[in-house]
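**Student:** quick one, structure for this:
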Amino acid sequence: MGLFFPDCFFRYICKKSFTRKEMKKIGVLLVFSLFFIGCKQKISDADLAKINGYWEIEKAELPDGSKKEYTVNPTIDFIEIKGNKGFRKKVMPQMDGSYLMNNVSEKIEVTNTDGTVVLHYSTSYAKWKEEVLEVTNEHLVIRNDQDLEYTYKRPKPFSVK
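**Tutor:** Residues are numbered from 1 along each chain as shown. Now for the predicted structure:
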């Protein structure tokens with residue numbers, strides 16, 4: 001059954017003669033498709049410096065396309081990378097604008113192959129990796145091994161002073 005559609009479609013395309021207008025539409029569709037496929041951000045070594053600092057999760061997108069929005073975050077990620085090594089810690093924002101840290105951290109090793117940046121994490125309990133899809137001064141988008149895509153933003157400092 002899965003081969004039926006492509007086979008019928010292929011026979012239809014090969015036997016049909018297209019009008020000039022139809023050919024133009026197919027050409028435009030092909031050009032736009034190639035454009036969007038090739039528009040993945042290549043991450044440079046200079047972009048890696050933008051990963052350093054505090055990041056608050058904004059949303060997660062599951063493989064089925066559903067999204068989970070995060071409006072309140074009790075913890076924030078602090079990431080520091082120098083060269084191709086670094087760490088990530090979970091920190092808790094305090095009412096005075098500071099952050100409470102503990103000594104638990106995840107080691108990070110960075111690989112950059114032709115603009116594809118992968119963060120390899122390790123703790124004494126586990127190892128995993130995440131691909132950096134986009135990084136700017138204000139946003140970070142990563143995808144893990146389970147195809148979950150996480151979007152982070154810079155946290156807004158708050159204070160009750």
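
**Student:** surely Gln94 meets Thr75?
**Tutor:** No - applying CB atoms under 8 Å, one finds Gln94 not in contact with Thr75, separated by 11.9 Å. Every residue, glycine included, has its C-beta placed from N, CA and C.

**Student:** residues near Lys42, how many?
**Tutor:** Look at Lys42: counted by other CB atoms under 10 Å, it has 10 neighbours.

**Student:** list the contacts of it.
**Tutor:** Lys42 makes contact with 114-116 under the criterion CB atoms under 8 Å, 6 or more residues apart in numbering.

**Student:** kindly indicate whether it is helix, strand or coil.
**Tutor:** coil (DSSP: H, G, I helix; E, B strand; the rest coil).

**Student:** could you measure from it over to Met101?
**Tutor:** 33 Å (CB to CB, to the nearest Å).

**Student:** repeat that for Val110.
**Tutor:** Counting by CB to CB, the gap from Val110 to Met101 is 22 Å.

**Student:** what does Gly53 give?
**Tutor:** Applying CB to CB to Gly53 and Met101 gives a distance of 14 Å.

**Student:** now the common contact residues for those two.
**Tutor:** With CB under 8 Å, 6+ apart as the test, Gly53 and Met101 both reach Phe78.

**Student:** more neighbours: which of the two?
**Tutor:** Comparing Gly53 with Met101 by other CB under 10 Å, the one with more neighbours is Gly53, at 15 against 12.

**Student:** what's the burial count for the closest residue to the more buried one other than its chain neighbours?
**Tutor:** Using CB to CB, 6 or more residues apart in numbering and skipping the chain neighbours, the partner closest in space to Gly53 is Ile79 (6.7 Å). Ile79 sits with 18 neighbouring residues when counted by other CB under 10 Å.

**Student:** quick check: beta-bridge partners of Ile79?
**Tutor:** Gly53, Arg88 (DSSP bridges).

**Student:** do the same with Asn112
**Tutor:** Val117.

**Student:** that one reaches Asp45, doesn't it?
**Tutor:** Yes - using CB under 8 Å, Asn112 makes contact with Asp45 at a distance of 6.5 Å.

**Student:** what about those two, which has more around it?
**Tutor:** Asn112 (16 against 11).

**Student:** any idea how far Asp47 is from the more buried one?
**Tutor:** In terms of CB to CB, Asn112 sits 9 Å off from Asp47.

**Student:** elements contacting the host helix or strand of Leu119?
**Tutor:** Element membership for Leu119 (DSSP states H and E) is strand 116-122. On a contact count with 3 or more CB pairs under 8 Å, 6 or more residues apart in numbering; DSSP states H and E, strand 116-122 meets strand 106-113, strand 127-135.
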